[in-house]
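Asks: Mind looking at a prediction? Sequence and model below.
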2 protein chains.
Amino acid sequence: MASNGNRLDEAARAAWLYYVAGNTQDQIAAKLGVSRQSAQRLVSLAVSEGLVNVRIDHPIASCLDLARRLKERYSLSFCEVVPSDPASESTTLGVSQAAAVEIERWLRKEEPIIMALGTGRTLKAAIEQLPPFECPQHKVVSLTGNISPDGSAAYYNVVFTMADTVKSRSFPMPLPVFASSQTERTMLHNQAMIRPTLELAGKADVTFVGIGDFGPQAPLLVDGFISKEELDELQAAGAVGEIVGWTFDSEGRLIEGITNDRVASAPLPDPKTSSVIAIAMGQKKLPGIRAAIKGGLINGLITDERTADALLN
Amino acid sequence: MASNGNRLDEAARAAWLYYVAGNTQDQIAAKLGVSRQSAQRLVSLAVSEGLVNVRIDHPIASCLDLARRLKERYSLSFCEVVPSDPASESTTLGVSQAAAVEIERWLRKEEPIIMALGTGRTLKAAIEQLPPFECPQHKVVSLTGNISPDGSAAYYNVVFTMADTVKSRSFPMPLPVFASSQTERTMLHNQAMIRPTLELAGKADVTFVGIGDFGPQAPLLVDGFISKEELDELQAAGAVGEIVGWTFDSEGRLIEGITNDRVASAPLPDPKTSSVIAIAMGQKKLPGIRAAIKGGLINGLITDERTADALLN
DNA sequence: CTTTCGGCTGAGCAAATACTCATCAATCAG
DNA sequence: CTGATTGATGAGTATTTGCTCAGCCGAAAG
């Protein structure tokens, strides 16, 4: 749609006049020859389309301090803490922006890298913050299958979302998230189309993942990947969190059997040889985050002030 | 002042809650435990301190097109065009932000680079847009002296401004802008403290400069570097623009004699071996910009829509 | 100890902005 | 061709923001 592009152009122009040039919407309306309301709509469109990117260039002392202490205490190689909004229950607010900045930083590199991506709401929100740009030198590979139990494309598989805005070479994983049995998983993983992707995932320079909790609203349950019975069984076995479907207990040890036999996801890249950065915040995820750190599943964390504080106590 | 730092912390937090979390100032006030007015003041402080950085992630088609045509027509290796605010007479609005982004892009590189900086209001405005960060691997060298005719530090010498926010190795040029004679210049340039700096400037990987005009408000005149008589003489000799004090005619050829014999600035780095990017916009500067491009003094340009349009016609 | 001064604060108000709703135009299926 | 649907528009209005001004507090000077 040319009209759509033009509209976004106009929106960008209006947003530019508003945020950069500091015009009022009245002035913008006059300059663009539209009504004041339309100008307001253009600005708000630009905002809602994510064209407007605000960053605060000030390391808030308390956040820096929390990040430093987390890094020290848990030997993390990367940690970023964003301010909390005390009133908000969102599990993405703030961390998604910070994650987007970090993801962009990696993708802006000139030498080719391999980036692996997990799945989940938090990560999806982060990807949606990315500005469009081109980096054909990089490879972005999904750690998890993109097929829902009902056969449709998994909504929270983020590689596709990313491909919409960032032009890199994408490697989705054309698999279900869980195989029906360990045997089937082996078979699936041996497919000629899958194997290279799995190998690529193993060689990732950097990995971004979300962490799923095992409360009553566990994402694996809500999205229909596991049944209530399986959830109960996992909880009984001590499950506190999950990364791309790999379930682990409070010590960060993968739980044997149950669902981990059937997860079709690639194994998590080894944090010893690459950066594995989790993006997670919120009370619910706390046990999972703590466990993932303790078990050395991850070596990087992007979280918020409140969660950081809780992790230290 | 700890209070000052705390205040900026609070300002950053308020700005974060406002711009990123989307709170109203009332909500922020409640959360930070201050009055609404104070919250408003914190937000506006954050804005005026430059903590808040807005960027519009949308290439406005017409600007992209102008940039492309400029690059083609004049064989520029870099060109960026920002939207114009039709009502504003500013010669920095927009281009300073765009220049800051480009400068930051260079400084974020991991491998060490040498960046040379010119002088002037436009460049200073750009430097002021830079967020604070550290890049000790780079060297930033001034092309011009930093001593005003009256002996004070030249206000528009930007290396110091930059050193305030960006931690790189800085090389100011402890010289006047103009020597009193050609002989004195030779002598000054042969000083042991100056020579390495000059050599560094000659090896710059990237150079950012402003362009001065020769109208009645010529910056060289306004800042007291040259007299009205010298200005008249230069104009009579065909001067249309000036970069770090080097005056050139409408073909971009340096004007022999008069002031060019005495400019203590380093010679402009050769655009064949490095990027020499001019930041300039506005009707007044048009002849100077055109000449600098024509004469091959620069190979990169950051300007605004209106100026770009005029350059193409 | 008092005075002065600079900066901070809150109240009130004007301006700017965002939202809702009814209307209108264009597109598309039948 | 007609009716339905979608999306844009302008008016009116509520909310939010920014500005000015008078008062206040504490630090520094006398």
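Replies: All right, it came through fine.
Asks: element containing A:E184?
Replies: Taking DSSP states H and E as the criterion, A:E184 maps to helix A:182-189.
Asks: hey, where'd the helices end up in chain A?
Replies: Here chain A has its helices, by DSSP state H, at A:2-15, A:25-32, A:36-48, A:61-74, A:95-107, A:121-128, A:158-165, A:182-189, A:195-202, A:219-222, A:228-236, A:286-294, A:305-312.
Asks: for the shortest one, packing partners?
Replies: Helices and strands in packing contact with helix A:219-222 are listed as strand A:212-213, helix A:228-236; criterion 3 or more CB pairs under 8 Å, 6 or more residues apart in numbering or on different chains; DSSP states H and E. Placement of C-beta: from N, CA and C, glycine included.
Asks: Same check on the second one?
Replies: Using 3+ CB pairs under 8 Å, 6+ apart as the contact criterion, the elements in contact with helix A:25-32 are helix A:2-15, helix A:36-48.
Asks: List the buried residues of it.
Replies: A:Q25, A:Q27, A:I28, A:A29, A:K31, A:L32 (16 or more other CB atoms under 10 Å in any protein chain shown).
Asks: Run through the residues that contact A:E10.
Replies: A:L32, A:L42 (CB atoms under 8 Å, 6 or more residues apart in numbering or on different chains).
Asks: Kindly report the same for the one 5 residues further on.
Replies: Residues in contact with A:A15 (CB under 8 Å, 6+ apart) are A:L42, A:V43, A:A46, A:V47, A:L51, A:V52, B:I56, B:H58.
Asks: same thing but at 6 Å, please
Replies: For A:A15, the contacting residues are A:V43, A:A46, A:L51, A:V52, B:I56, by CB atoms under 6 Å, 6 or more residues apart in numbering or on different chains.
Asks: what about the residue lying closest to A:S170 once chain neighbours are set aside, how many neighbours?
Replies: Using CB to CB, 6 or more residues apart in numbering or on different chains and skipping residues adjacent in sequence, the residue nearest A:S170 is A:A163, 4.6 Å away. Other residues within reach of A:A163 by the criterion other CB atoms under 10 Å in any protein chain shown amount to 15.
Asks: close enough to count as contact, A:A163 and A:P172?
Replies: No. Look at A:A163 against A:P172 with CB atoms under 6 Å: they stay out of range, at 8.5 Å.
Asks: hang on, the earlier thing: buried residues of the helix holding A:E184, list them for me.
Replies: Of the residues in helix A:182-189, those buried (16+ other CB under 10 Å) are A:R185, A:L188.
Asks: likewise stretch A:70-88?
Replies: So stretch A:70-88, judged by 16+ other CB under 10 Å, has buried residues A:L70, A:K71, A:Y74, A:L76, A:F78, A:C79, A:E80, A:V81, A:V82, A:P83, A:S84, A:D85.
Asks: How about it and chain B, any contact?
Replies: Yes. Shown here: stretch A:70-88 in contact with chain B (CB under 6 Å from any CB of the partner chain) through A:P83, A:D85, A:P86.
Asks: Give me the distance between the two termini of that stretch.
Replies: Start and end residues of stretch A:70-88 are separated by 23 Å (CA to CA, to the nearest Å).
Asks: is that stretch anywhere near DNA strand D?
Replies: No. In terms of CB under 7 Å from any atom of the strand, no part of stretch A:70-88 sits within range of DNA strand D; the closest distance is 13.3 Å.
Asks: mean confidence score for that stretch?
Replies: For stretch A:70-88, the mean per-residue pLDDT is 83.
Asks: Check chain A for its longest strand and report it.
Replies: As assigned by DSSP state E, the longest strand anywhere in chain A is strand A:133-147.
Asks: quick check, distance from the helix holding A:E184 to the centre of its chain.
Replies: Relative to the chain's own centre, helix A:182-189 is displaced by 27 Å; criterion: CA atoms, centre = their mean, to the nearest Å.
Asks: What is the burial count for A:G120?
Replies: Each residue near A:G120 was counted by other CB under 10 Å, and the total is 26.
Asks: Also A:R105?
Replies: A:R105 has 11 nearby residues by other CB under 10 Å.
Asks: Could you measure from it over to chain B?
Replies: As defined by CB to the nearest CB, to the nearest Å, A:R105 lies at a distance of 8 Å from chain B.
Asks: per-residue pLDDT, that residue?
Replies: The per-residue confidence score, pLDDT, reads 82 for A:R105.
Asks: ditto for A:T119
Replies: On the pLDDT scale, A:T119 is placed at 89.
Asks: residue contacts, it?
Replies: The contact partners of A:T119, by CB under 6 Å, 6+ apart, come to A:T144, A:Y156, A:N157, A:V244.
Asks: Sort out which of these are in strands and list them.
Replies: When DSSP E defines the strands, the subset of the contacts of A:T119 inside them is A:T144.
Asks: could you dump the contacts of A:T119 to CSV with distance to B:A280, neighbour count and pLDDT?
Replies: Rendered in CSV, the data for the contacts of A:T119 read as follows (distance: CB to CB, whole Å; neighbours: other CB atoms under 10 Å in any protein chain shown; pLDDT from 0 to 100):
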residue, distance to B:A280, neighbour count, pLDDT
A:T144, 51, 32, 89
A:Y156, 48, 18, 72
A:N157, 47, 25, 74
A:V244, 51, 28, 91
